[in-house]
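> Sharing a model that was predicted from the sequence below.
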Amino acid sequence: MGAAERALSAFGEGWTAGWTPDPLVTVSEWADKHRKLSARAASEPGEWRTSRTPFLREIMDCLSDQHPAEEVVLQACIQIGKSEVGLNWTGYTIDHAPSSMLAVLPTVDVGERWSKQRLAPMVQDSPRLRAKISPARSRDSGNTTTSKEFDGGILMITGANSAAGLSSMPIKKLLLDEVDRFPGEVEEEGDPVDIAEGRTSNFPGRKILKVSSPTIESLSRINKDWKRSDQRRYFVPCPHCQEKQVLKWDNLQYTPEDPEAARYACEHCGALIEEHHKTQMLERGEWRATFPERALVGFHLNALYSPIGLGRSWGWLAKRYEEVKRDAARLKVFVNQRLGECYEDPDERLDWEELKARAEPYGLREIPRGCLVLTCGVDVQKDRIEAQVLGWGRNEQDWVIDWALFAGDPTRPAVWEELERYLERPFQNAFGVTMKITSTGIDAGYLTDDVLNFTRSRRHLAAFALKGASQRGRQIIGRPSKVDLTVRGATIKGGAELWTIGVDAAKHRLFARLAGDRKQAHASSRLVHFSEQLPDDYYMQLSAEIFDPNKRSWIKLHNRRNEGLDTHIYAMVAAMHPRLRVHVAREPDWAKLELAIEPKGQDLFSQAPAPVAGATNTPQAEAVPVPGGGEGPRPLPAPAQPEGEVQTSGQPAAAGGWISKRDDWLRKR
């Protein structure tokens, strides 16, 4: 063949190769061929071998472009390779299947560390990737810590705490790493997972990978997704009977005296399996779906599957369990991080439906028998003010008397004037006695100066400004701080005060009371009482938080507002204010107050209360000492009815007034 023929043949081969599509490659095949593990980030540096962790092959391959799975969920323990799945998928995207991709880590700082400590070494040590991404030091390289440009695509890295990073541009591939460490809400814009997923909605063939070890059941995002997935588990054969099974913690056998000699008991033949068999067992394992009809693909792995030499041994796990099993906080970490399972909710955790089932047959703004003191808690938001009134009686029983919302800008006087009218409005109990709100706590964490202006100029309302502090060990209410100063910096006597309250302690107290009430068969024995007219949203908000014993802090449940909880707490703090001190009241205090609030001889259920000597047709409570000191309800002039509000017999004002405004406001939202 002459030179001309050879040149023509080479041209034809090049032309053909140029029009021949690249062969279909899976993520695991790409990793086996091109991924290099850096000595800076891997215990076994060098060539990536999926055969070392065979259970990762199917997980990775579901992320391949040709696989039909749109979303993949991996709930797993630590040190099992789940982060490597995300890295291999990222490398596959950069080198073989370029497109726009977003990696979201719990925070921006964590995202930057992931980029520097995990992604950058992978790119540097893998020639195929190094050729696709320009060095960061070159001008206009498109390579920064949080953005990597390559032919046909871009990789962006951000944190779940950055609303801007989550919503900047549409993307086709989304990696969500350690989703159970994401905040419940980002910058008041909503759930970060929902925001990130929304960026993929316009792409056909989109891919989403969610990876995490779980946390508490109520808080765990990954567990909720796992439960709605096809729930794949890795079945491995017994080396004795060859029957396949899932490795479960309960089947690990050892004595507390010698946990490091742990062996695994086959659930089929009962034979004890030595750990050295695990390598062959993993090689012959297979994934099986519990619900194969479901479209969402979900995988679960625990530390019993850790390959020999790459993770903790069965003996180490048994020894660690023996060390932590009597310590709830450490046991939770073991269950989450080693078994890949959710830890059960704390005892205080309550479902809103359970709380709603406790509702009692009294209406809002009605005062049940035994309710002798009224307090109010107020929460200030950017477009509204919310208030909750609690009634108090013996043994610190409290009744939810009202729940109100005042829509408007709290920087304007109108909404504060409406709150003032509300706080001045009298209540009337079943004995016909008029009662007033004795103490009101208003949260000053937002618009502090506006709250102080209100409490400073309306002392007749017995309202005080409060600000929450979450330090452990802080008592619910202590001493106030004087915040009004002269031009020389001296404290103004009688000026505005700001009370710092222990929010965590208050929540623990309320949730303990609510948890204790679940054991009471009769409503009369409960400490917290709910009106049957309260909407579902109230119970959802009251149960919107849960205490995480690992973080030792209260965490808001996803997509839940919590003003119902906050205002209940503030009204409880108002009852503990030095002017009331309901929590230390003695029986003589309650008895004296009861004589004024619930006069003997009155018919509790009559529409027209029987007259009492010395009383008018509408009895009012005389000023009497309230529990713990201070002064009780005083006669109040009947305030003018708010415009458009009509109160009828047997229908609480709130049901046709402020509560209806709440409903109208929510509908407009």
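Noted; the coordinates are in hand. Residues are numbered from 1 along each chain as shown.

> pLDDT below threshold where in the stretch 51-200 of the chain?
Scanning the stretch 51-200 of the chain for pLDDT under 70 picks out 136-141.

> Quick one: residues contacting the most centrally placed residue in the chain.
Centroid check for the chain by Cα atoms, centre = their mean gives residue 557 as the closest residue, at 3.1 Å. Counting by Cβ atoms under 8 Å, 6 or more residues apart in numbering, residue 557 touches 184, 218-219, 543-546. No exception for glycine: its C-beta is placed from N, CA and C like everyone else's.

> Just those: which are in helices?
Among these, no residue falls in helices (DSSP state H).

> Those: which two are farthest apart?
Greatest spatial distance among the contacts of residue 557 (Cβ to Cβ): 184 and 543, at 14.1 Å.

> what about the two, which has more around it?
For residue 184 versus residue 543, neighbours defined as other Cβ atoms under 10 Å are more numerous around residue 543 (25 against 18).

> Give me the distance between the more buried one and residue 511.
Taking Cβ to Cβ, to the nearest Å as the measure, residue 543 falls 9 Å from residue 511.

> who touches both of these two?
In contact with both residue 543 and residue 511: residue 350, using Cβ under 8 Å, 6+ apart.

> And the strands in the stretch 251-400 of the chain, which stretches?
Under the criterion DSSP state E, counting those that start in this stretch, the stretch 251-400 of the chain contains strands at 252-255, 258-265, 272-273, 286-289, 297-301, 373-381, 384-392, 398-407.

> between the ones you listed, which gets nearest to residue 109?
Closest to residue 109 of these is strand 297-301 (Cβ to Cβ; 27.4 Å).

> Packing partners of that closest one?
Secondary-structure packing of strand 297-301 (3 or more Cβ pairs under 8 Å, 6 or more residues apart in numbering; DSSP states H and E): strand 71-76, helix 221-227, strand 232-237.

> Flag every buried residue along stretch 432-452.
For stretch 432-452, the buried set under the neighbour-count rule, 16 or more other Cβ atoms under 10 Å, comprises 432-444, 447, 450-452.

> So which of those residues are in helices?
Among those, the ones falling in helices (DSSP H) are 450-452.

> Relative to residue 411, which of those is nearest.
When those are compared for distance to residue 411 (Cβ to Cβ), residue 450 wins out at 6.3 Å.

> nearest residue to the closest one other than its sequence neighbours?
residue 410 (5.8 Å; Cβ to Cβ, 6 or more residues apart in numbering).

> same thing with residue 509?
Nearest in space to residue 509, with sequence neighbours left out and distances taken as Cβ to Cβ, 6+ apart, is residue 476 at 6.9 Å.

> count of residues packed around the one you found?
By the criterion of other Cβ under 10 Å, residue 476 has 18 neighbours.

> Settle this for me: it is touching residue 500, isn't it.
No - shown here, residue 476 and residue 500 do not form a contact pair, counting by Cβ atoms under 8 Å, at 10.4 Å.

> now the strands of the stretch 251-400 of the chain in JSON lines, with mean neighbour count?
Shown next, in JSON lines, are the strands of the stretch 251-400 of the chain (neighbours: other Cβ atoms under 10 Å):
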{"stretch": "strand 252-255", "mean neighbour count": "16"}
{"stretch": "strand 258-265", "mean neighbour count": "17"}
{"stretch": "strand 272-273", "mean neighbour count": "16"}
{"stretch": "strand 286-289", "mean neighbour count": "15"}
{"stretch": "strand 297-301", "mean neighbour count": "25"}
{"stretch": "strand 373-381", "mean neighbour count": "25"}
{"stretch": "strand 384-392", "mean neighbour count": "25"}
{"stretch": "strand 398-407", "mean neighbour count": "24"}
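
> Mean pLDDT and distance to residue 351 added to the ones you listed, as JSON lines?
Below are the strands of the stretch 251-400 of the chain laid out as JSON lines (pLDDT from 0 to 100; distance: least, Cβ to Cβ, whole Å):
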{"stretch": "strand 252-255", "mean pLDDT": "96", "distance to residue 351": "33"}
{"stretch": "strand 258-265", "mean pLDDT": "95", "distance to residue 351": "37"}
{"stretch": "strand 272-273", "mean pLDDT": "97", "distance to residue 351": "41"}
{"stretch": "strand 286-289", "mean pLDDT": "97", "distance to residue 351": "29"}
{"stretch": "strand 297-301", "mean pLDDT": "97", "distance to residue 351": "24"}
{"stretch": "strand 373-381", "mean pLDDT": "95", "distance to residue 351": "23"}
{"stretch": "strand 384-392", "mean pLDDT": "96", "distance to residue 351": "20"}
{"stretch": "strand 398-407", "mean pLDDT": "96", "distance to residue 351": "18"}
